[in-house]
Every structure is written in structure tokens, then in C-alpha cells.
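Enquirer: this one's structure only:
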């Protein structure tokens, strides 16, 4: 997504929120009955949007001046004044939700599917590297709640996966996950996403002709005798969903599932690197022709600038697979994960920020 299109997206989002708040007042609801009212409201609305537009422009102009100390506090181990966000990094959040069928947007907020797997893919356009950061859905962090009509109700600390649940199943749900991840990573820039569901898994795998993975654990060995640790397996419609979603009925079993998700993503990136420009164009055409299977807020230009130039990038699993360390626990019968905040701060500074 270009900076211009991102500004337009922010503009539309703010315009929508302003309109919803104004509609609470009878003055605005009844404006169609009185032309004088309508002219006054329109004038006020235009002035507000001009002000908002100026603020958006100013924030974009200051894009490269983020001060990490705004987001990271409480540790003497970091000289926060020496860092700023690295604008060379383009992040895309992959969100897999726990639902089946066509993905659609609801008229009301809340009671949506849960984000089942979450990975942040980072393209460094300067040193041409790709990094993968898996983030547990059980991560306890602050997420925004919404009323049924879409009004913000403040942040609560709960499982990261519920960030999608509180939205409308469409763009607002995906952007709520992006917002929660950005907040978790101390202001790291996260606003592009690709969202899939259970029925999308086979479709995504078929888009590139299937991937061959190295099985990272024995979680599926009882169901598939060939899926033992270290074996190389080509995934197809008969097993790819289980490979990405199955979890043992034990505490902390999401960790094993996340290992397999990273193995799949690693193989997917490596397969993409072998494809031609025509293959990438074909992929985009398929994605854009049926948005019920995979949703994204990237346009073709952004998609092609990242995927179409993937051959220029290097990806070393030993170097570029990142990990958030912390403590797994069980609360009220549910798995939870609490990141080690000092280690998380260091990971953010090392991979998403740079010295001024």
C-alpha cells in the first residue's frame, strides 16, 4: 500500500467514525428535514475533515521521526533517545481465523471468529532480508473493544486472538489485530494484513502448487505415520489443514502448532522465490477475483513490489525466524502466554527500529 493510499484509508476511516459520532445527536439525524441545518452541518463537517487531513499529513511527514521512548519505558538497559522506527521495513500481518465458509463482513461488531494464528512478515527494503515473527494467539495483551454498533469501548487485557472477535469480521477485525500487534511491539508499524480462514488453507497452498515442509515435531505422528520430526512432506488438501491447525490436548500445545505454522510459512516463502513474474501476476488475479477466501488491504502495486521482487531478498531460517520468549501458563482453564517484556523490547529494537 502506498503512502498516499494509506492516507486515503486513514481519511475514510476517520470520516466514518466522525459521522457515527455526529449521528448520535438528533440535530444531525434530522438534518435532512431542514435545509439550513444541513448546510450548517456540512460546513462544520468539511472544516473538521480539513483539520483531520492536515493532522494526517503532518503525521505522515513525521513518519521517520518516531521516538521509541514513546512506547518503551521502565528499563535502564535501553538508551531510548538513540532510536527511531526503521522506515525501510514493510510489515505484513498474516491472520488465520477459526471459521469456515466464505469470509464476510457483519453489520454488527463482536461475536466474530477468533484469530487462530498470527505471524508478522517483515521485508527490509534496504538490506533485502525477510523476517518472520510468529505471535501466539494466547498472548495476553491490550486490545480494543467495540460496542455492537462499532464504537470504541477502551482497551482490555486479554488473549491477542480476541482482537479479531471484537470487530465486524471484515477490515475492522483485521485492523484491530494489526493495532493490537503494533501495541504489543511498542509501536512497530503494522497496518497491512492478509487474512485467511480454515477453508482458505487448501486454496492458499494450491495457489503456488503446494509446499514441501520439514516436519518440526511429532504432534501429528499418530494420525499421519509419515509426519515425524525431520521428515520432508509435500502438503496437499488431505493434510495441510491439520498441519497448520492441529494441537495436542495438553497445556501449552499451541507452541507445537506454531512450530508447524512457521515451517509452512518458511517453505511458502522459499517456494515463492522460485516462481516467475507471470506466476505472481496470476496469483494476484486469483486473489482479487474471489475475496471470500483471502482478504487483504494491499493493492496490486504493493503486492507486486513485495512478492514480485522476492528474488532480490534473502531469507535464512536460522537468522530470520524470530521468537518472542516468555512464560506459558493456564488461567481459568485457558492457555495464556506472557511475553518477557525486557526480551521483547530488545527484539523490537534489534529488528524494527534503528539508531538515529
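Expert: Here it is on my side, so go on. These numbers come from a predicted model, not from an experiment. Numbering: from 1, shown residues only.
Enquirer: what strand or helix carries the residue most central in space within the chain?
Expert: Nearest to the mean C-alpha position of the chain, by C-alpha atoms, centre = their mean, lies residue 93 at 2.9 Å. Assigned by DSSP states H and E, residue 93 belongs to strand 89-97.
Enquirer: that strand pairs with which strands, parallel or anti?
Expert: Using DSSP bridges, strand 89-97 pairs in its sheet with strand 115-124 (antiparallel), strand 193-196 (parallel).
Enquirer: dihedrals phi and psi, residue 268?
Expert: phi -70, psi -50 (degrees, to the nearest 10).
Enquirer: repeat that for residue 338.
Expert: The phi/psi pair for residue 338 (degrees, to the nearest 10) is phi -110, psi 110.
Enquirer: what pairs with it across the strands?
Expert: According to DSSP bridges, beta-bridge pairing links residue 338 with residue 327.
Enquirer: could I get the contacting residues of residue 264?
Expert: 211, 213, 235, 240, 243-244 (C-beta atoms under 8 Å, 6 or more residues apart in numbering). Every residue, glycine included, has its C-beta placed from N, CA and C.
Enquirer: assign the nearest residue to residue 181 once chain neighbours are set aside to helix, strand or coil.
Expert: Closest residue to residue 181 apart from its sequence neighbours, by C-beta to C-beta, 6 or more residues apart in numbering: residue 190 at 5.0 Å. Following DSSP: H, G, I helix; E, B strand; the rest coil, residue 190 is assigned to coil.
Enquirer: run the chain-centre distance for stretch 189-207.
Expert: Centroid displacement of stretch 189-207 relative to its chain, using C-alpha atoms, centre = their mean, to the nearest Å, is 11 Å.
Enquirer: can you give me the strands in the stretch 151-300 of the chain?
Expert: 152-159, 193-196, 212-214, 232-234, 294-296 (DSSP state E, counting those that start in this stretch).
Enquirer: okay if I get the ones you listed as a markdown table plus distance to residue 337?
Expert: What follows is the strands of the stretch 151-300 of the chain, written out as a markdown table (distance: least, C-beta to C-beta, whole Å):
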| stretch | distance to residue 337 |
| --- | --- |
| strand 152-159 | 9 |
| strand 193-196 | 21 |
| strand 212-214 | 24 |
| strand 232-234 | 28 |
| strand 294-296 | 26 |
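Enquirer: quick one: closest of those to residue 165.
Expert: Closest to residue 165 of these, according to C-beta to C-beta: strand 152-159, at 9.1 Å.
Enquirer: next, count neighbours for the closest residue to residue 226 other than its chain neighbours.
Expert: Leaving aside its sequence neighbours, residue 226 sits nearest to residue 233 (C-beta to C-beta, 6+ apart; 6.1 Å). Residues within reach of residue 233, counting by other C-beta atoms under 10 Å, total 20.
Enquirer: and residue 204, by the same measure?
Expert: 20.
Enquirer: who's in contact with it?
Expert: Residue 204 sits in contact with 196, 294, where contact means C-beta under 8 Å, 6+ apart.
Enquirer: where does the stretch 1-150 of the chain dip in pLDDT?
Expert: 1-81 (pLDDT under 70).
Enquirer: model confidence score at the residue nearest to the residue nearest to the centre of the chain when sequence neighbours are not counted, please.
Expert: Leaving aside its chain neighbours, residue 93 sits nearest to residue 193 (4.5 Å; criterion: C-beta to C-beta, 6+ apart). Per-residue pLDDT puts residue 193 at 96.
Enquirer: residue 193 against residue 180, yeah?
Expert: No - assessed by C-beta atoms under 8 Å, residue 193 is found out of contact with residue 180, at 11.8 Å.
Enquirer: for those two, indicate the residue with more neighbours.
Expert: Between residue 193 and residue 180, residue 180 has the larger neighbour count (other C-beta under 10 Å), namely 28 against 23.
Enquirer: next one: that one from residue 125, what distance?
Expert: Look at residue 180 and residue 125: by C-beta to C-beta, to the nearest Å, they are 25 Å apart.
Enquirer: give me the neighbour count for residue 228.
Expert: For residue 228, using other C-beta under 10 Å, the count is 13.
Enquirer: now, which of the contacts of residue 264 lie within helices?
Expert: Applying DSSP state H to the contacts of residue 264, the entries found in helices are 240, 243-244.
Enquirer: tabulate these (JSON lines), appending pLDDT and distance to residue 201.
Expert: Formatted as JSON lines, the ones in helices among the contacts of residue 264 follow (pLDDT from 0 to 100; distance: C-beta to C-beta, whole Å):
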{"residue": "240", "pLDDT": "93", "distance to residue 201": "6"}
{"residue": "243", "pLDDT": "94", "distance to residue 201": "9"}
{"residue": "244", "pLDDT": "92", "distance to residue 201": "6"}
